[in-house]
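S.K.: Coordinates for the following, if possible.
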Amino acid sequence: IDVHNLPERTTQSLTTPPPSAASSFLSEAPRASKASKKEAAKLSAVKPHKQCAYECCPSPLHSNKWRVVTPDTTAGGRDWTSLMGKTLCDSCYSTFRKHG
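M.R.: Okay, here's the model as predicted:
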């Protein structure tokens, strides 16, 4: 085969569809489901870094559940005013609730 006699390839026709094809392609594209939209939002959202406010917490950066002390917090009949607005890991929250 003589490669010198082959027609010259144009990259524009291979990479850029005509405007009519692009608009029809976009209109036929499947829409994302609600579940995938939520997953995408979770992945794109940056979660704030949480840390236990108790100074002596043995693991202040790790918890399965974080608790924010609010004016409505009355667990264990304890006085939570000194911890108002602070975030506690579940372990420290439970310890304060049980033992003060």
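
S.K.: Okay, now the unreliable bits of the protein?
M.R.: Applying pLDDT under 70 to the chain picks out residues 1-47.

S.K.: how about the helices in it?
M.R.: With DSSP state H as the criterion, the chain has helices at 11-15, 19-28, 34-44, 90-99.

S.K.: Look at the nearest residue to residue 90 once chain neighbours are set aside and say how many residues are nearby.
M.R.: Of all residues not flanking residue 90 in the chain, residue 65 sits nearest, at 4.2 Å (Cβ to Cβ, 6 or more residues apart in numbering). Bear in mind the C-beta positions are built from the backbone N, C-alpha and C, glycine included. Neighbourhood size, residue 65 [other Cβ atoms under 10 Å]: 10.

S.K.: likewise residue 80?
M.R.: Taking other Cβ under 10 Å as the neighbour definition, residue 80 ends up with a count of 19.

S.K.: ok, it - contacts?
M.R.: Residue 80 sits next to 69, 73-74, 96 when contact means Cβ atoms under 8 Å, 6 or more residues apart in numbering.

S.K.: Can you select the buried ones from those residues in PyMOL?
M.R.: This is the PyMOL syntax for the buried subset of these, where burial follows 16 or more other Cβ atoms under 10 Å:
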select buried, resi 69+73+96
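
S.K.: Let me know the closest of the contacts of residue 80 to residue 57.
M.R.: Distance from residue 57 was checked for each of those by Cβ to Cβ. The minimum falls on residue 96, at 11.0 Å.
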